[in-house]
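1. Provided below are the primary sequence and the corresponding predicted coordinates.
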Amino acid sequence: MVFHSKLTKNILFSVLCLLNTVAWSGESLVNEPILPIQPAQNLNPGKVALGDRLFHDPQLSADNTLSCSHCHRLDKGGDDGLSHSPGVGGAIGVINAPTIYNSSYNFRQFWDGRSANLVDQVRGPVHNPIEMASNWPQVISKLNRDKEYRQAFSQLYSDGITALNIKNAIAEFERSLTTPNARFDLWLMGDETALSEQEKHGYSLFKSYGCIACHQGANVGGNMYHRMGAMGNYFSDRDGEVTAADLGRFNVTGDPEDRHLFKVPSLRLTALTSPYFHDGRTHCLEKAITIMARYQLGREIPKEDVEAIAVFIKSLAGQHPRLNP
């Protein structure tokens with residue numbers, strides 16, 4: 001099998017991760033390709049609080065009906081549980097909303113990686129005509145009418161309410177949305193009782209089948225691109241026409257080699273964030289595992305192995321005060 005150069009680079013990167021990644025277990029090192037999620041650190045509490053309010057404020061949308069939290073519900077896994085999210089005026093989005101939890105661990109933002117960081121990412125939904133359909137002058141005008149916003153921004157930023165400061169505050173809040181203390185992480189750190197035997201077996205299968213090549217690191221993904229359908233034509237087998245959203249990173253670069261290339265999603269909260277994949281067409285975790293095995297690994301995995309891997313994936317979900325698993 002021959003891969004194009006960019007995909008080869010991603011695969012080599014994942015192999016290096018497998019070789020070099022280690023996790024602390026007490027005072028000893030455990031050679032595992034997954035790292036524990038760490039609690040968010042070195043954040044500005046004032047900016048986190050301001051970003052929290054902005055994240056939940058529908059004034060960021062053109063008609064004051066939608067906030068960031070409409071598509072990223074913090075109590076439900078950080079997404080909205082829909083295949084495609086509604087925007088202002090009844091418009092429907094074209095791609096499945098990912099979880100906002102642990103997004104600070106992603107090497108790029110959005111499925112197609114068009115934003116380099118969380119600050120840059122904020123602009124996307126605010127300006128998108130089928131999402132919030134707004135713009136910064138409109139948003140800034142609304143926020144300037146609010147005394148509490150004016151005071152909060154003036155205390156935290158020397159230039160007050162600006163587009164950059166709005167994005168900075170929201171990004172600071174989003175950095176606080178990490179989910180440490182997953183049972184799997186407790187096991188990584190030395191608690192042998194944290195996982196059941198089936199969960200441990202599922203993890204062993206996850207590694208032996210090759211899922212770990214794309215899903216590793218603290219976020220169990222989110223650190224590379226990969227082609228949807230590397231070992232089979234997912235799109236020709238799937239019902240429906242291929243859409244622009246299915247083209248993935250090609251929409252950003254225009255490079256034919258980037259067609260159907262997507263950022264590998266994190267598996268940290270996968271058990272809580274159905275439906276799956278960029279198209280949101282798969283609602284069952286076990287079915288999603290079967291599809292990934294077939295189209296990414298070229299394998300047909302027995303049912304009992306799929307079930308064990310699913311049980312392992314469920315152990316990756318950690319804790320956050322806003323999260324109600």
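-> Thanks, I have the structure now.

2. so where do the strands sit in the protein?
-> Listed in chain order, the strands of the chain (DSSP state E) span 23-25, 28-30, 225-227, 261-263.

3. Comparing the ones you listed by mean pLDDT, which bottoms out?
-> Lowest mean pLDDT within these: strand 23-25, at a mean of 41.

4. For Phe312, give its distance to Pro180.
-> Distance, Phe312 to Pro180, by C-beta to C-beta, to the nearest Å: 18 Å. (Each C-beta comes from the backbone N, C-alpha and C, glycine too.)

5. And the two? Which one has more around it.
-> Comparing Phe312 with Pro180 by other C-beta atoms under 10 Å, the one with more neighbours is Phe312, at 24 against 16.

6. I'd say that one and Phe184 touch.
-> Yes: using C-beta atoms under 8 Å, Phe312 is in contact with Phe184, at 7.4 Å.

7. Do a quick rundown of the helices in the stretch 201-325 of the chain.
-> Along the stretch 201-325 of the chain, counting by DSSP state H, counting those that start in this stretch, helices occupy 234-237, 250-253, 285-292, 303-314.

8. same for the third one, what does it pack against?
-> Think helix 285-292. helix 303-314 (3 or more C-beta pairs under 8 Å, 6 or more residues apart in numbering; DSSP states H and E).

9. So for Trp187, what's the nearest residue that isn't a sequence neighbour?
-> Spatial nearest neighbour of Trp187, excluding adjacent residues (C-beta to C-beta, 6 or more residues apart in numbering): Ala194 at 4.2 Å.

10. Now do the one you found, the pLDDT please.
-> pLDDT, Ala194: 98.

11. correct me, but it touches Tyr203?
-> No: between Ala194 and Tyr203 there is no contact under C-beta under 8 Å: 11.7 Å.

12. hmm, which helix or strand of the protein has the shakiest average pLDDT?
-> strand 23-25 (a mean of 41; mean pLDDT, DSSP states H and E).

13. Enumerate the positions of stretch 197-204 that are buried.
-> Glu199, Lys200, His201, Gly202, Tyr203 (16 or more other C-beta atoms under 10 Å).

14. cool, stretch 270-286 as well?
-> For stretch 270-286, the neighbour count (16+ other C-beta under 10 Å) marks 270-282, 285 as buried.

15. same deal with stretch 221-239?
-> For stretch 221-239, by 16+ other C-beta under 10 Å, it's 221-230, 234-235, 238.

16. Test of understanding: give the bridge partners of Pro86.
-> Going by DSSP bridges, Pro86 is paired in beta bridges with Ile92.

17. And the pLDDT at it?
-> 97.

18. Against Ile92, how distant is it?
-> Relative to Ile92, and taking C-beta to C-beta, Pro86 is found at 6 Å.

19. which of these two has more neighbours?
-> Set Pro86 next to Ile92 and count neighbours by other C-beta under 10 Å: Pro86 wins out with 17 against 11.

20. ok, now which ones touch that one?
-> Leu66, His70, Ile92, Gly93 (C-beta atoms under 8 Å, 6 or more residues apart in numbering).

21. how about TSV for those, with pLDDT and distance to Arg150 added?
-> Below are the contacts of Pro86 laid out as TSV (pLDDT from 0 to 100; distance: C-beta to C-beta, whole Å):
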residue	pLDDT	distance to Arg150
Leu66	97	23
His70	97	25
Ile92	97	35
Gly93	96	32
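
22. Counting neighbours, which of those residues comes out on top?
-> Ranking those using other C-beta under 10 Å puts Leu66 first, with 23 neighbours.
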